[in-house]
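**Q** Kindly return the folded structure for what I paste below:
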Amino acid sequence: MSAATRPDDASAHQTVSRSLTLVLAAACGLIVANIYYAQPLAGPISAAIGLPIAAAGLIVTMTQIGYGVALLLVVPAGDLVENRRLIVTTIVVGAIALLGAALSNRPLPFLTAAFGIGLGSVAVQIMVPYAAHLAPESTRGRVVGNVSGGLMLGVMLARPVASFVTEVSSWHVVFVLSAIGMAALAVVLGRTLPRRAPASNLRYAELLTSMWRLARTTPVLQWRAFYQACLFAAFSLFWTTTPLLLAGPDFRLSQAGIGLFALAGVAGAVAAPIAGRTADRGWTGPATALAMLCVALAFLLTHIAQVGSGLALALLVAAAILLDFGVQGNVVLGYRAIFALDAENRGRLHGLYMSAFFAAGAAGSALGGWAYARGGWTLASWIGFALPVAALLGYAGRRGYEPGPPGE
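**A** Next comes the predicted model:
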């Protein structure tokens with residue numbers, strides 16, 4: 001293996017220029033947005049393809065299933081397959097699936113394409129550990145934080161962008177434009193990303209089998225996954241139920257108004273680079289506690305003012321920013337902790353980490369919908385508050401025992 005392709009050598013570290021970090025961050029944002037475009041469009045899509053309204057949730061669920069499957073089966077391959085080729089191939093799969101969704105006029109073809117969109121979108125979770133491999137230890141948190149900031153922007157901008165584009169054209173245009181963007185992105189990344197060939201001699205089946213061992217024997221992974229699972233479940237609960245609250249009789253916001261509210265969460269993306277730099281300085285411990293407190297406080301803020309008032313709406317906006325700040329900050333702290341472990345296992349560790357809290361996010365969405373239907377925002381928000389408190393209690397009990405980087 002040449003020096004240019006070795007995972008953690010000095011020549012690779014020199015490739016992490018500011019421009020390459022920006023390319024990776026922008027690419028992550030564009031790719032991850034594909035998972036979220038359909039969320040505000042489930043109504044018009046289901047009507048257009050003849051899907052019963054009771055089954056409209058499958059439009060989002062199939063994308064999430066595809067993404068979850070790829071987290072377990074594709075992301076670990078980053079420890080085995082040359083990373084640039086794996087990233088580009090996965091993006092091409094997503095581009096084909098997006099075009100298929102745009103051209104679909106029946107439920108089965110669309111849902112199949114939605115599954116493919118989830119598969120293709122997992123390229124972002126190959127790129128995050130890829131960026132960690134290229135970065136030297138001293139700046140790894142900063143690089144991963146900057147790349148993750150782009151990812152978070154994509155998550156938060158996707159829903160309002162999809163709503164606004166559909167309002168002036170149609171939902172088909174959203175998918176066509178994204179398919180074109182993914183094809184162009186695959187070309188750009190194929191030409192600009194440095195090669196990174198893993199040194200592992202494992203076969204693919206052995207790679208997957210080893211994940212169970214890593215999950216059982218890596219305390220840092222176990223606890224960072226638990227912390228982020230609690231916070232991401234609260235995040236998903238919040239963003240599932242607040243549109244229902246805002247569209248309801250208390251606030252009566254239009255779809256455009258809800259889209260503008262979703263933009264507020266974009267401000268939380270600044271947490272990623274801040275968290276990365278904080279971890280590089282060895283302050284992971286206090287930053288973790290602060291992230292959990294931010295998420296808990298976000299839910300408490302929503303109980304200060306009378307529901308439906310202007311002040312209540314302003315506090316909801318503040319809560320969205322604070323919650324996204326805490327969740328995004330904590331995920332980057334988790335990246336930094338697990339990427340400080342064995343470099344040869346980064347793809348698998350990352351896949352396990354993401355799978356754990358992604359599943360928790362899906363559960364948080366379902367729990368939020370159930371809670372809102374039975375007890376409105378009051379019940380949903382108190383459950384949301386309990387989740388970061390559980391993470392904080394777990395962290396307090398584990399403090400000083402968990403191995404890892406300084407401050408961990």
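
**Q** What separation is there between residue 66 and residue 59?
**A** According to CB to CB, to the nearest Å, residue 66 and residue 59 sit 12 Å apart. The C-beta positions use only the backbone N, C-alpha and C, and glycine is treated the same way.

**Q** residues shared between the contacts of these two?
**A** residue 114 (CB atoms under 8 Å, 6 or more residues apart in numbering).

**Q** between these two, who's got more neighbours?
**A** residue 66 (25 against 22; other CB atoms under 10 Å).

**Q** element containing that one?
**A** In this assignment (DSSP states H and E), residue 66 forms part of helix 58-73.

**Q** ok, and for that helix, which residues are buried?
**A** 58-68, 70-72 (16 or more other CB atoms under 10 Å).

**Q** Please apply the same query to stretch 96-110.
**A** By neighbour count on 16+ other CB under 10 Å, the buried set for stretch 96-110 is 96, 97, 98, 99, 100, 101, 102, 104, 107, 110.

**Q** swap in stretch 242-249?
**A** By 16+ other CB under 10 Å, the buried positions in stretch 242-249 come out as 242, 243, 244, 245, 246.

**Q** And stretch 154-168, by the same measure?
**A** Of all the residues in stretch 154-168, those buried under the rule 16+ other CB under 10 Å are 154-166.

**Q** Also stretch 137-149?
**A** Buried-residue list, stretch 137-149, by 16+ other CB under 10 Å: 139, 140, 141, 142, 143, 144, 145, 146, 147, 148, 149.

**Q** In space, what's closest to the second one - neighbours in sequence excluded?
**A** To tie it back to what came earlier, the one meant is residue 140. In space, and not counting its chain neighbours, residue 140 is closest to residue 132: 5.6 Å by CB to CB, 6 or more residues apart in numbering.

**Q** Residue 267 too?
**A** Nearest residue to residue 267 in three dimensions, chain neighbours excluded: residue 321, at 4.6 Å (CB to CB, 6+ apart).

**Q** Please report how far residue 63 lies from residue 175.
**A** Distance, residue 63 to residue 175, using CB to CB: 12 Å.

**Q** Provide a list of residues in contact with the closest residue in space to residue 170 that isn't next to it in sequence.
**A** Closest residue to residue 170 apart from its sequence neighbours, by CB to CB, 6+ apart: residue 44 at 7.9 Å. Shown in contact with residue 44 (CB under 8 Å, 6+ apart): 166, 170, 171.

**Q** give me phi/psi at the second one?
**A** Backbone dihedrals for residue 170, given as degrees, to the nearest 10, come out at phi -160, psi 170.

**Q** cool, and the first one?
**A** The phi and psi values for residue 166, taken as degrees, to the nearest 10, are phi -60, psi -30.

**Q** go on, the one 3 residues further on?
**A** Comment: the main-chain dihedrals of residue 169 come out as phi -140, psi -100, following degrees, to the nearest 10.

**Q** Please list all residues in contact with it.
**A** Contacts of residue 169 (CB under 8 Å, 6+ apart): none.

**Q** Could you list the domains of the protein?
**A** Taking automatic domain parsing as the domain assignment, the ranges for the chain are 1-201, 202-408.

**Q** I'd like those as CSV, with mean pLDDT appended.
**A** Shown next, in CSV, are the domains of the chain (pLDDT from 0 to 100):
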stretch, mean pLDDT
domain 1-201, 84
domain 202-408, 84
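
**Q** Select the longest helix from this structure.
**A** helix 346-398 (DSSP state H).

**Q** what helices or strands is that helix leaning on?
**A** Judged by 3 or more CB pairs under 8 Å, 6 or more residues apart in numbering; DSSP states H and E, helix 346-398 is in contact with helix 58-73, helix 123-134, helix 204-217, helix 219-247, helix 284-301, helix 310-339.

**Q** from the chain's centre, how far out does it sit?
**A** Centroid displacement of helix 346-398 relative to its chain, using CA atoms, centre = their mean, to the nearest Å, is 14 Å.
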